[in-house]
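# What follows is a predicted protein model with its sequence.
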Protein chains: 2
Amino acid sequence: MPATITHDDIADLCTGSVFLATGGGGDPYVSQILVQEALKKYGPVELTPVSAIPDDALVVAIGEVGAPTVSLEQLPTGTECLDVIDRFEAWVGRKVTHIVSFEVGGANSVIPFITSAARKIPLIDGDGMGRALPEAQMMTFAIEGVRPGPAVAVDYSGGCVYFDTQDTLLYERQVRNIAMAMGGMVFTAEHPMTAEEARRAIVPGTISFALELGRTLNANFGNARQVEAPIRALFERSDYGILKHLYTGKIVDIQRKIMGGFDVGEAVIESVGGDRGSMHLSIKNEFLVATVDDQVVASVPDLITMVDHETSSPINSERVHYGQRVTVFGIGCPPHYRSARALQVVAPRAFGFDFDFVPIEDL
Amino acid sequence: MPATITHDDIADLCTGSVFLATGGGGDPYVSQILVQEALKKYGPVELTPVSAIPDDALVVAIGEVGAPTVSLEQLPTGTECLDVIDRFEAWVGRKVTHIVSFEVGGANSVIPFITSAARKIPLIDGDGMGRALPEAQMMTFAIEGVRPGPAVAVDYSGGCVYFDTQDTLLYERQVRNIAMAMGGMVFTAEHPMTAEEARRAIVPGTISFALELGRTLNANFGNARQVEAPIRALFERSDYGILKHLYTGKIVDIQRKIMGGFDVGEAVIESVGGDRGSMHLSIKNEFLVATVDDQVVASVPDLITMVDHETSSPINSERVHYGQRVTVFGIGCPPHYRSARALQVVAPRAFGFDFDFVPIEDL
């Protein structure tokens, strides 16, 4: 039975999405308001389970590409995600039957709701990451062999570029450079999929899972000590791996700069009691590697998530600041990312770290 | 009466084009071979004078975009300039009736001959610069209000990007970033024009002028002292301004790096007799400003051209090296570039220099 998402659900969905975004995905605050207004205006959105995708489907992934910090200053109007799908359909000369999010993380998990509600195109309950990750070739779509083009990018002023590209690594270079040329952030419609490709490549159930996770976090807002048990139970019932409490402490250093269209940096957390060595978190849009006493305690593709120690609200990497008291969790990634083919593009070495991936349950 | 260009003319055309390229435009050596072979295979090309463009024409500008140094190492196969026009026609759903060169400088003045010969699309005797300049908004097409899109870029491996862009400054940012993402050099079809736009925006007669100039230079090869009088006479009969002998000396320093997709640098020339202060040439793909004793003796949009002092062969900026004995000429630009609107985008201030343009005849 499909889930129905109304404007009342969006705040919870955003909270859950920031948790799954592992620091990246972009702050969803402005998107949340845009999506709530869109669902009030156009009505609720029915989620289509991956298992219910019809054989003649044309599934297209949509979302924002750029550095999350840009989204704090350069704001969308909410029409870009309509423009991009209209232009995609006009270019390929076919109607899109279903849309799917790039990633369940941050703004990108809610922006497609605007398109779905306004254009009456069903939205799939799933995404291309089960989390957030910084580059296009890291999406399960690309890992499962889906071609990136035909793809369309529009900017906040209506500028538009079309890509007829076969290879996702080249597409990533192209779209990243275009995002930088067009002000730091673009909306894209890309990785068009047949039903067969979509069933194989989409991480299923992640949108409804993010909603349930957000409900649990918000229901326990301000009760950080009580929230761990119910969210652990949620993850245990899901396709994700185990949830580990990695660290609790205070942010004592945060460095962040925009390099090559990404937010790159490092956060340092010190234990309040001083009983453990400091935690270092390496950031490229997302939290990629967590070390304590120079020992890796979690790394991509497993999830590393930071929440406010008092409120249990998840924290985007661009919102991390000195003095915050935080708790860091590690969570096993969905099985899509544990294959050898996937690890080639999402393991620590794919980000320039000189060590192999060890699953969080073995650390 | 239209001029007919055969494979025997291409070497002369290339020589004249390097002279008009003012250091930029890319070394035409590989293009020259590709074009000679294409004209042998497909037959000669008739040049259409700007005055003969029919009222229902669709004129499209084609050429290479990138850093000239890249063209020395990453070589085209000669099919990219066919692919780009085929894709343009397929995208807009119309046949291109005429093609025109971006610039009469370097490789870009001969590459369109391949497309014209192979696809039987007439080539216009004219271009968008009357020289070479580094950026798209500096073309007379843009200055005269022609929109850059729809435009298509293909790389040497068949990768393809389409631009639906209204503004040439934004297009320049987009296509420059795409060129960098796709290996440093792309072929584009862009700035589609109606007959009315083409008649207004194209600098007329420059291809046949480059051919005549090249013939004169090659006929006097090795007689550098005798070549100045006949080329001065040629320029006097043309739409260009006066030709001035600016300097003769030896290259004593050349600095060059690739920055933001351009070749940027400076050449220093010392007088052989030591009777004058040194000449400094500022380079951004092209020779932009020439000073002697820190006094400007010529600047964009007027042409600054370097020739070998012994052979009279014109020298691309990427071919400048220590110890060459050279003569530098300055030539008044075509009248298209003397308007206030044109000077906004091609005067020295548009390149970051802190002085106003003074026409070469007043310096």
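All right, it came through fine. Numbers count the residues shown, from 1 in each chain, chains lettered A, B, ... in the order given.
# hey, let's count contacts and neighbours off CA atoms from now on
OK.
# that's a strand at A:G25, yeah?
No - assigned with DSSP: H, G, I helix; E, B strand; the rest coil, A:G25 falls outside any strand and is coil.
# wait, doesn't it sit right on A:P68?
Yes - with contact defined as Cα atoms under 8 Å, A:G25 reaches A:P68; the gap is 6.6 Å.
# Need the residues touching each of those two.
A:N285 (Cα atoms under 8 Å, 6 or more residues apart in numbering or on different chains).
# Give the buried residues for the worst-scoring helix or strand of chain A on mean pLDDT.
Across the helices and strands of chain A, the lowest-confidence element by mean pLDDT, DSSP states H and E is helix A:68-73, at a mean of 71. Under the neighbour-count criterion of 16 or more other Cα atoms under 10 Å in any protein chain shown, helix A:68-73 has A:P68, A:T69, A:V70, A:S71 buried.
# same check, this time on stretch A:115-134
Buried, per 16+ other Cα under 10 Å, within stretch A:115-134: A:115-118, A:120-134.
# Show me how far it is from its chain's centre.
Relative to the centre of its chain, stretch A:115-134 is centred 11 Å away, using Cα atoms, centre = their mean, to the nearest Å.
# gap between the two ends of it?
Stretch A:115-134 has an end-to-end distance of 23 Å (criterion: Cα to Cα, to the nearest Å).
# again with stretch A:98-113
12 Å.
# near chain B, which residues of chain A?
Within reach of chain B by Cα under 8 Å from any Cα of the partner chain, chain A has these residues: A:159-166, A:170, A:173-174, A:177-178, A:181-182.
# what about the helices in chain A?
Assigned helices in chain A, in chain order: A:10-20, A:29-42, A:68-73, A:80-92, A:111-119, A:140-143, A:168-181, A:195-201, A:206-219, A:224-236, A:340-346 (criterion: DSSP state H).
# Would you reformat those as JSON lines and include distance to B:D308?
Shown next, in JSON lines, are the helices of chain A (distance: least, Cα to Cα, whole Å):
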{"stretch": "helix A:10-20", "distance to B:D308": "64"}
{"stretch": "helix A:29-42", "distance to B:D308": "61"}
{"stretch": "helix A:68-73", "distance to B:D308": "50"}
{"stretch": "helix A:80-92", "distance to B:D308": "51"}
{"stretch": "helix A:111-119", "distance to B:D308": "61"}
{"stretch": "helix A:140-143", "distance to B:D308": "53"}
{"stretch": "helix A:168-181", "distance to B:D308": "39"}
{"stretch": "helix A:195-201", "distance to B:D308": "61"}
{"stretch": "helix A:206-219", "distance to B:D308": "68"}
{"stretch": "helix A:224-236", "distance to B:D308": "74"}
{"stretch": "helix A:340-346", "distance to B:D308": "52"}
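# mean pLDDT for those: which is lowest?
Among these, helix A:68-73 carries the lowest mean pLDDT, a mean of 71.
# Find me whatever residue is spatially closest to the residue positioned nearest the centre of chain A, sequence neighbours aside.
The residue lying closest to the centre of chain A (Cα atoms, centre = their mean) is A:G105, at 2.4 Å. Among residues not flanking A:G105 along the chain, A:A21 sits closest, at 3.8 Å (Cα to Cα, 6 or more residues apart in numbering or on different chains).
# Using CSV, write out the CA atom coordinates for stretch A:217-231.
What follows is stretch A:217-231, C-alpha atoms only, in CSV (Å, rounded to 0.1, in the frame of the first residue of the first chain):
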residue,chain,number,x,y,z
LEU,A,217,13.8,12.1,16.6
ASN,A,218,11.3,14.9,16.8
ALA,A,219,9.0,13.1,19.2
ASN,A,220,12.1,12.8,21.5
PHE,A,221,13.3,16.4,20.9
GLY,A,222,15.1,17.5,24.0
ASN,A,223,15.4,14.0,25.4
ALA,A,224,18.7,13.1,23.8
ARG,A,225,19.4,10.3,26.3
GLN,A,226,16.1,8.6,25.5
VAL,A,227,16.3,8.7,21.7
GLU,A,228,19.0,6.2,21.1
ALA,A,229,17.0,3.1,21.9
PRO,A,230,14.1,3.8,19.6
ILE,A,231,16.3,4.9,16.6
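# Please work out which residues outside that stretch touch it.
In contact with stretch A:217-231 (Cα under 8 Å, 6+ apart) are residues A:D12, A:T15, A:G16, A:L213, A:T216, A:D308, A:H309, A:E310, A:T311, A:S312, A:S313.
# what do you get if the cut-off is 6 Å, keeping everything else the same?
Outside stretch A:217-231, the residues within contact range by Cα atoms under 6 Å, 6 or more residues apart in numbering or on different chains are A:E310, A:T311, A:S312.
# Buried subset of these, written for ChimeraX?
Here is the ChimeraX selection string for the buried members of the contacts of stretch A:217-231, based on 16+ other Cα under 10 Å:
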select /A:311,312
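# The contacts of stretch A:217-231 into CSV, with extra columns for pLDDT?
Shown next, in CSV, are those (pLDDT from 0 to 100):
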residue, pLDDT
A:E310, 89
A:T311, 90
A:S312, 89
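# Alright, I will stop here.
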